[in-house]
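Engineer: Fold the following and give me the result.
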Amino acid sequence: MAQYDLNLRDYWLVVHKRKWIILFTVLLVSGVTWAMTLLASPLVIYEASARVKFDRSTSMSGLLTDVLAMSPEGGNIATQAEIVRSVPVLVRVGKKLGLVNKEVEPKEAPLPQAVLAKVYDLKKNFSVSQEGTMNILRIAATAEAAEPAAWLANAVAEAYREENIASRNRQVDEAKLFVEGQLKDIEENYRESEQALVAFKEREGNVFLSDEARQALENFSRLESEREKLAQVKREVVNQLQLLKTNLTQPESAPARVFSDDVQALIAKLNQKLVDLTTERSTLLINYTAKHPQVVELDARIRSVKQEMIQELEAKSRTFSERESAIRDSIGRYKERYMSLPQAALELASLEREVKVNGDLYANLKQKHQEFLVKGAERIEEVSIIEPALPPAGPKNAPKGALNLALGSLIGVLLGVVLAFIRESFDTSIGTIEDVEALLHVPVLGVMPREDRKKAEQTVKETFPELLDHESQELLSHLPPLFDPKGSAAEGYRLLKVNLQFACQDRPVKSLAFTSAGMGEGKTTTVINLAITIAQDGRRVLVLDADLRKPNVNNRLGLRQAPGLSEVLVGNVKWQEVVQTAADLMLGKLGFDQIMSAPGVDNFSVITSGHLPSNPSEFFNSQRIVDLIAEVEENFDLVIFDCPPILPVADAILIGPKTDGVVLVYQVGKIGRTPLRRAKTLLENAQAHVVGVVLSNVGAEFSPDYYAYAKYPYKGGYGG
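Structural biologist: Model (predicted):
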């Protein structure tokens, strides 16, 4: 078989021929893609993010509150990210969003289960991450709508900022409250001592003391004031010591509060270390249980720090006791020196001393209170919101339906083209004239166009305006040389006639047998229309329906089936008695007017099949068929046999060698290469002369170089 190089037109014709495969594949893949997009799409989630900056406080006021400051480990950004997700922050978020009662305190222990459930649900809806190596945290919140996502992100950022402020300033607030409570008591004592002194002076008048006595009283008052201050500090130390001893074995308890002006003092450093460890323990408990090895190790370090603080406070308590004892001895000596003074002088000195001591204490506490007010007004802030969250423009997991559909369609097109070429490669039918000629080594005599039934019926109505019954219209629509002699179909049959003449120039041809490899390839239609076309040239043509199994000539022409060929071969009648001519066509279903208006029909004759015998092959293998062919050849210019298909039955193989030539009718795409080649081989083995091939049911995809390259898709056929 000859090989041809494929060009772009060949590829395009393959695509056009298999367009339904491509279209079906595109629709299938696109449909599956769209369905999967709809079914597999998750719940739409919107994400909004806020950004906060964390700066470690290094101000002088920060040094005062370092007793509650976070440790170096807690001050890093990773620890801050965990603090953002801690319960105190979550409780504040719940309050802002209206999910938690505003009366609930974040430090309340234990929190109600309902509150914990709500805050833990909030924890699932946002995440915290560090941006690169910067001290900036990104708080990303998710929700089923855009606005709630932005609200949650901003609420978490603001709650984290507020919790940081509260934690950093809690020591100042507590110290201020403590001083305010002491200030009220001292102020009351100071007022009472002043009133007592005024009352004494009003009652006793002026009382004069010597310089020595006055100096002794001043020293006595100074010592009493020192003793009062020392006693106050000692009481505070004792309270702190008792609190530490009580909570020594409870790592989760709050750290002791030590108010010391000297931030570099050992007890202040120990207290800061205790708070650092406690904060680190709380951070670990966010993700671990109390029995985790890291938590157990921190518990041991907390107990060790508490033990050191107890030792330091016990040492301070002993020092304070020794100083108090020394001051008490000095007070005793001064008492002996002014016991000899008059009672009024002693009472005046006592009242003045009381006023001075209370005044000094009141002034000292007032100064401390002002200092704490200033510290509280500074409000140490380590967290600042540098970028609040905005409602996102769209969901983060929006279904990409349009994109998926476009990709699915593209994949469908590519897959469809691949399947089309695969189908083409497995297609054993013949698609070009060159293929047919190379396969059979005989010329292609004619190309019969595919029948357009609607167009043919419309042309019949236009050619024969008179009212036709449906059966007559149906018969005429299959005979284009009669109703549309200038149409493309009639031109195709005329071209077939010319090619037959050229193909038979080297030998006289009086009879031809038309057959096909399989059934339904259009041989009957080809035989009738070719015979009419030759008759229109003035030549006498006889059509014999040699298909004694499924005859179709009489049906196509609206003639009677019997008597016919079978009766002639049996010998019951002569062939002249069964020939049907134009007169029979006029009286038949085609109609009188239609036949009268058609030129050349009087040269057209038909012998139908007659009654169907039980074994037709015996008729065609007898001398009677040879004699019949010889007789009709003498009376007609051309005799055409409409034979059965070759592969199903052997009738055509028996008739073919007895005629001057055989023409194969091949419906493009109907059968494969092998059956067609087998049919031609059977004819040659029977010594039949194969004149050529007629291609039937060919599509109208013509081009100027059609005979060289055009391919013909198969879309079904009509019976033959």
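Engineer: Backbone dihedrals for residue 103, please?
Structural biologist: phi -80, psi -10 (degrees, to the nearest 10).
Engineer: number of nearby residues for it?
Structural biologist: 7 (other CB atoms under 10 Å). Backbone N, C-alpha and C define where each C-beta goes, glycine included.
Engineer: ok, now residue 124?
Structural biologist: Residue 124: 8 neighbours (other CB under 10 Å).
Engineer: what residues does stretch 646-653 touch?
Structural biologist: Stretch 646-653 is contacted from outside by 513, 515-519, 546-549, 616-617, 620, 643-645, 662, 675, 678-679, 682-683, 686, 688, using CB atoms under 8 Å, 6 or more residues apart in numbering.
Engineer: Just the buried subset of these, please.
Structural biologist: 513, 515-519, 546-548, 616, 620, 643-645, 662, 675, 679, 682-683, 686, 688 (16 or more other CB atoms under 10 Å).
Engineer: Next up, the contacts around residue 572.
Structural biologist: With CB under 8 Å, 6+ apart, residue 572 has these contacts: residue 563.
Engineer: Once you drop chain neighbours, what's closest to residue 146?
Structural biologist: Excluding its sequence neighbours, the residue lying closest to residue 146 (CB to CB, 6 or more residues apart in numbering) is residue 391, at 4.0 Å.
Engineer: any idea of the mean pLDDT in stretch 654-671?
Structural biologist: For stretch 654-671, mean pLDDT rounds to 88.
Engineer: oh, I was asking about stretch 486-502
Structural biologist: The model assigns stretch 486-502 a mean pLDDT of 84.
Engineer: now stretch 520-533
Structural biologist: 89.
Engineer: how distant is it from the center of its chain?
Structural biologist: 59 Å (CA atoms, centre = their mean, to the nearest Å).
Engineer: Over to stretch 404-417?
Structural biologist: The answer for stretch 404-417 is 16 Å, by CA atoms, centre = their mean.
Engineer: right, and the helix or strand after the longest helix seen in the chain?
Structural biologist: In the chain, assigned by DSSP state H, the helix with the most residues is helix 146-204. As assigned by DSSP states H and E, the chain's next helix or strand after helix 146-204 is helix 211-246.
Engineer: now that next one: how far from the chain's centre is it?
Structural biologist: For helix 211-246, the distance to the chain centre is 78 Å (CA atoms, centre = their mean).
Engineer: Tell me which other helices or strands it touches.
Structural biologist: On a contact count with 3 or more CB pairs under 8 Å, 6 or more residues apart in numbering; DSSP states H and E, helix 211-246 meets helix 293-337, helix 343-378.
Engineer: returning to that earlier point: what helix or strand is the residue nearest to residue 146 on?
Structural biologist: Going by DSSP H and E, residue 391 is not in any helix or strand.
Engineer: State the distance from it to residue 152.
Structural biologist: 11 Å (CB to CB, to the nearest Å).
Engineer: intersection of neighbour lists for the two?
Structural biologist: residue 48.
Engineer: Looking at the two, which is more packed in?
Structural biologist: Ranked by neighbour count (other CB under 10 Å), residue 391 and residue 152 place residue 152 first, with 24 against 15.
Engineer: residues contacting that one?
Structural biologist: 48, 93, 97, 122, 125-126, 141, 143.
Engineer: Where does pLDDT dip in the stretch 551-700 of the chain?
Structural biologist: By pLDDT under 70, the weakly predicted segments of the stretch 551-700 of the chain are 591-598, 699-700.
Engineer: Got the phi and psi for residue 557?
Structural biologist: phi -110, psi 0.
Engineer: who's in contact with it?
Structural biologist: So residue 557 contacts 475, 528, 585, 588, 590, 606 (CB under 8 Å, 6+ apart).
Engineer: try 7 Å this time
Structural biologist: 528, 585, 588, 590, 606 (CB atoms under 7 Å, 6 or more residues apart in numbering).
Engineer: Distance of it relative to residue 328?
Structural biologist: Distance from residue 557 to residue 328, by CB to CB: 150 Å.
Engineer: cool, residue 518 as well?
Structural biologist: In terms of CB to CB, residue 518 sits 135 Å off from residue 328.
Engineer: Please enumerate the strands of this protein.
Structural biologist: For the chain, applying DSSP state E gives strands covering 46-54, 126-130, 136-143, 383-387, 444-449, 511-516, 541-545, 604-607, 638-642, 661-667, 690-698.
Engineer: how about those strands in a markdown table, adding distance to residue 242?
Structural biologist: Shown next, in a markdown table, are these (distance: least, CB to CB, whole Å):
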| stretch | distance to residue 242 |
| --- | --- |
| strand 46-54 | 37 |
| strand 126-130 | 40 |
| strand 136-143 | 41 |
| strand 383-387 | 36 |
| strand 444-449 | 115 |
| strand 511-516 | 118 |
| strand 541-545 | 129 |
| strand 604-607 | 133 |
| strand 638-642 | 127 |
| strand 661-667 | 112 |
| strand 690-698 | 112 |
